[in-house]
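**Student:** pasting the sequence and the predicted model now:
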Amino acid sequence: MKSIASLTAAQLRRAAEIKENIESLTNELNRIFVGSAAAATAAPQAARVKGKMSPAAKARISAKLKAIWAKRKAAAAAPQASRVRSKMSPAAKARLSAKLKAYWAKKKAAQKK
């Protein structure tokens with residue numbers, strides 16, 4: 001493929017004509033597929049057609065949302081399960097008890113001074 005700088009004036013004119021033909025044919029195709037010349041210019045942005053929802057569809061959606069919210073409210077109203085704690089071994093209880101007794105004995109001795 002040649003670079004643009006190496007093309008002659010006649011070749012550039014011919015390339016411009018071909019490009020214009022392509023654009024006009026593209027616009028014509030858009031008019032055929034879309035249906036109007038005004039829509040052909042907006043064809044790349046595919047206009048969204050809003051449809052009406054049937055009463056049955058509205059009822060289904062409404063029922064589904066009500067069920068979802070009822071489930072959420074029931075979950076919020078239910079008492080929360082208390083956290084399951086692991087039991088402390090007797091040795092760990094004894095160590096903790098000894099530490100706390102020493103702590104409080106030290107604290108009471110400091111208050112008596």
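**Tutor:** Yep, it's here. Numbers count the residues shown, from 1 in each chain.
**Student:** give the buried residues for the top helix by length along the chain.
**Tutor:** Longest helix in the chain, counting residues (DSSP state H): helix 9-34. Within helix 9-34, the residues that count as buried by 16 or more other C-beta atoms under 10 Å are 30, 31, 34. Yep, even glycine has a C-beta here, placed from its N, CA and C like the rest.
**Student:** who does that helix touch, helix- and strand-wise?
**Tutor:** With contacts defined as 3 or more C-beta pairs under 8 Å, 6 or more residues apart in numbering; DSSP states H and E, the packing partners of helix 9-34 are helix 37-41.
**Student:** now the helix it packs on: mean pLDDT?
**Tutor:** Taken as a whole, helix 37-41 carries a mean pLDDT of 51.
**Student:** please pull up the helix or strand immediately following it.
**Tutor:** Counting by DSSP states H and E, the element after helix 37-41 in chain order, helix or strand, is helix 55-77.
**Student:** elements contacting that following helix?
**Tutor:** Helix 55-77 sits against no helix or strand, with contacts defined as 3+ C-beta pairs under 8 Å, 6+ apart.
**Student:** next helix or strand past that helix?
**Tutor:** That would be, after helix 55-77 and using DSSP H and E, helix 90-112.
**Student:** name the residues that touch that following helix?
**Tutor:** With C-beta atoms under 8 Å, 6 or more residues apart in numbering as the test, helix 90-112 has contacts from residue 88.
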